[in-house]
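In: How does the following fold in three dimensions:
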Amino acid sequence: MHIVYLHGFNSGPKSLKAHETADYLRRHHPDCEFHCPQLSPHPAEAAHQAETLLQGLPKDTLLIGSSLGGFYATHLAEKLGLRAALINPAVTPHADLSRFLGPQVNPYTGEAYTLSEADMAALMALRVSHPSARRYWLYLGTRDEVLDWKAAARHYRNNHQTVFNGDDHRLARWPECLPGLMAWATAA
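Out: This next block holds a predicted model:
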């Protein structure tokens, strides 16, 4: 089985959740191949990078997306017929990220870039208005300081959801989710 982890805005493969996921898989599912690409900061390019990777992988590949990566995972899961785990996913990143328009620096990579209106338009083009039922498992923290967890719960209302009272955007309880996620991923 292959697992593709898509990181969030101004993040990367060195994020703590990506490391926690890779470590868990290495210890408990050594037969799984873990992929965590460094995505472009520009949404159209990021979606294309991830789709290109996925096209070369088996159809039972599981997506894991965190924040903006959850938004990309939704677009790709719908387009390619995959299942996805979403960690505090962005639902309206074109609105959420508009306050960051202009110069940016990714703290994980040091890459300097400019977030533009064209990037917001690309996010609008990637949006899935009505996610499929039973394709996703959401992991939400009720104290998410970045995104509205209730908006995600409503948007994915016909999917499995685990809500952690008091957890934040980082979702510190992510490691305890991995055994159940892997059981779900390998069933069916």
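In: Grab the nearest non-local neighbour of the most centrally placed residue in the chain.
Out: With distances taken as CA atoms, centre = their mean, Gly65 lies nearest the centre of the chain, 1.5 Å away. With CB to CB, 6 or more residues apart in numbering as the criterion, Gly65 has its nearest non-adjacent residue at 2.9 Å, and that residue is Ala73. Yep, even glycine has a C-beta here, placed from its N, CA and C like the rest.
In: Of all the residues in the strand or helix carrying the one you found, which ones are buried?
Out: Here Ala73, judged by DSSP states H and E, is contained in helix 68-80. Buried residues in helix 68-80, counted by 16 or more other CB atoms under 10 Å: 68-78.
In: what does stretch 34-48 give?
Out: Neighbour counts using 16+ other CB under 10 Å place 34-43, 46-47 of stretch 34-48 among the buried residues.
In: and those as CSV, adding secondary structure and pLDDT?
Out: Output for the buried residues of stretch 34-48, formatted as CSV (DSSP: H, G, I helix; E, B strand; the rest coil; pLDDT from 0 to 100):
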residue, secondary structure, pLDDT
Phe34, strand, 97
His35, strand, 97
Cys36, coil, 97
Pro37, coil, 97
Gln38, coil, 97
Leu39, coil, 97
Ser40, coil, 96
Pro41, coil, 96
His42, coil, 97
Pro43, helix, 97
Ala46, helix, 97
Ala47, helix, 97
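In: Most widely separated two among those?
Out: Phe34 and His42 (24.4 Å; CB to CB).
In: got a list of what Pro179 touches?
Out: Going by CB atoms under 8 Å, 6 or more residues apart in numbering, Pro179 touches His28.
In: now it, what's its secondary structure?
Out: helix (DSSP: H, G, I helix; E, B strand; the rest coil).
In: Give me the distance between the residue lying closest to Gly180 once chain neighbours are set aside and Leu181.
Out: Excluding the flanking residues, the one nearest Gly180 by CB to CB, 6+ apart is Thr162, at 8.0 Å. Here the criterion is CB to CB, to the nearest Å. By it, Thr162 lies 9 Å from Leu181.
In: Now do the shared contacts for those two.
Out: Common neighbours of Thr162 and Leu181, counting by CB under 8 Å, 6+ apart, are Trp137.
In: in the sheet, who's paired with Leu6?
Out: Under DSSP bridges, the beta-bridge partners of Leu6 are Gly65.
In: Could you double-check that it sits in contact with His35?
Out: No: under the criterion of CB atoms under 8 Å, Leu6 makes no contact with His35, lying 9.5 Å away.
In: low pLDDT regions in this structure?
Out: 188 (pLDDT under 70).
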